[in-house]
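S.K.: how would this look folded up:
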Amino acid sequence: MIDKKHHKKLSKFLSLVLRHKPETIGIELDENGWTDIDGLISKIKKYGKPIDTETLELIVKTSDKQRFAINKDGNKIRANQGHSVKIELGYKPKCPPEILYHGTGNKYVESILKTGLVKRNRHHVHLSTNMETAISVGKRHGKPVVFEVLAKKMHGDGFEFFLSENGVWLTDMVPVTYLRKYKNHIGQV
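M.R.: Got it, this is the predicted structure:
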């Protein structure tokens with residue numbers, strides 16, 4: 001069993017190579033973001049990080065955000081979303097709930113109120129079904145602020161939404177007109 005600190009470091013490293021910089025260790029992601037587990041483990045070891053199949057599977061199973069998925073055959077792995085490298089996750093459009101939430105830091109509020117939510121260097125804007133998750137995400141960026149997204153109305157107006165394997169809702173952008181009053185981390189408007 002690996003300790004929590006080592007587990008977290010390996011998880012962050014997996015996010016780096018499976019979402020953003022596979023070239024760091026010399027792996028290739030296929031068009032859907034998958035890579036061979038044996039090759040990944042071998043390259044991570046050569047990079048100087050101790051890992052084995054059991055540790056990798058433990059990281060995938062215990063990831064608090066379920067960032068990774070292993071295929072049915074158990075021989076490939078990918079990140080569920082959040083990529084900055086070009087891939088096609090293969091998600092089918094779905095009808096979202098009426099309201100979704102987006103957590104951010106207070107320092108981004110002014111920009112969001114001007115431009116809406118944009119994906120920047122990622123494939124999609126990430127949205128959650130509950131305020132708690134959005135607050136948690138927002139805390140990563142400073143004092144958290146949560147925007148309510150009128151997702152069902154957006155969908156009715158022709159915007160596509162996708163649901164990732166770990167329950168994160170994805171869309172290309174959220175125009176300002178679909179953002180409802182924002183709330184700070186204690187729920188005040």
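S.K.: Quick one: low-confidence residue ranges for this structure.
M.R.: Scanning the chain for pLDDT under 70 picks out the ranges 1-2, 182-189.
S.K.: Could you give the separation of the lengthiest helix in it from the chain centroid?
M.R.: Among the segments of the chain that qualify as a helix by DSSP state H, the longest is helix 4-15. The chain centroid and the centroid of helix 4-15 are separated by 16 Å, computed with C-alpha atoms, centre = their mean, to the nearest Å.
S.K.: Just checking: what are the partner strands of the helix or strand just after it?
M.R.: As assigned by DSSP states H and E, the chain's next helix or strand after helix 4-15 is strand 35-36. With DSSP bridges as the test, strand 35-36 is paired with strand 76-79 (antiparallel).
S.K.: mind giving me the domain ranges of this structure?
M.R.: For the chain, the structural domains run 4-79, 100-184, going by automatic domain parsing.
S.K.: among those domains, which is the most enclosed?
M.R.: For the domains of the chain, the largest average neighbour count (mean count of other C-beta atoms under 10 Å) is found in domain 100-184, namely a mean of 17. (C-beta placed from N, C-alpha, C; glycine too.)
S.K.: who's in contact with the helix or strand H102 falls within?
M.R.: Using DSSP H and E, H102 sits in strand 100-105. Contact with strand 100-105 is made by 112, 117, 125-131, 133-149, 151, 169, 174, as judged by C-beta atoms under 8 Å, 6 or more residues apart in numbering.
S.K.: List the contacts of the closest residue to V176 other than its chain neighbours.
M.R.: Spatial nearest neighbour of V176, excluding adjacent residues (C-beta to C-beta, 6 or more residues apart in numbering): G116 at 4.5 Å. Taking C-beta under 8 Å, 6+ apart as the criterion, G116 is in contact with M173, V174, P175, V176, T177, Y178, L179.
S.K.: my guess is the first one contacts R122, does it?
M.R.: No - contact status for M173 versus R122: not in contact, 11.2 Å apart, counting by C-beta atoms under 8 Å.
S.K.: those strands in the chain, which residues are they?
M.R.: 35-36, 68-70, 76-79, 100-105, 117-118, 125-127, 144-149, 162-163, 169-171, 173-174, 179-184 (DSSP state E).
S.K.: so can I have CSV of the ones you listed showing distance to L18?
M.R.: Formatted as CSV, the strands of the chain follow (distance: least, C-beta to C-beta, whole Å):
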stretch, distance to L18
strand 35-36, 7
strand 68-70, 7
strand 76-79, 4
strand 100-105, 23
strand 117-118, 23
strand 125-127, 16
strand 144-149, 26
strand 162-163, 18
strand 169-171, 17
strand 173-174, 24
strand 179-184, 30
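S.K.: among these, which is nearest L14?
M.R.: With respect to L14, and counting by C-beta to C-beta, the nearest of the strands of the chain is strand 68-70 at 6.4 Å.
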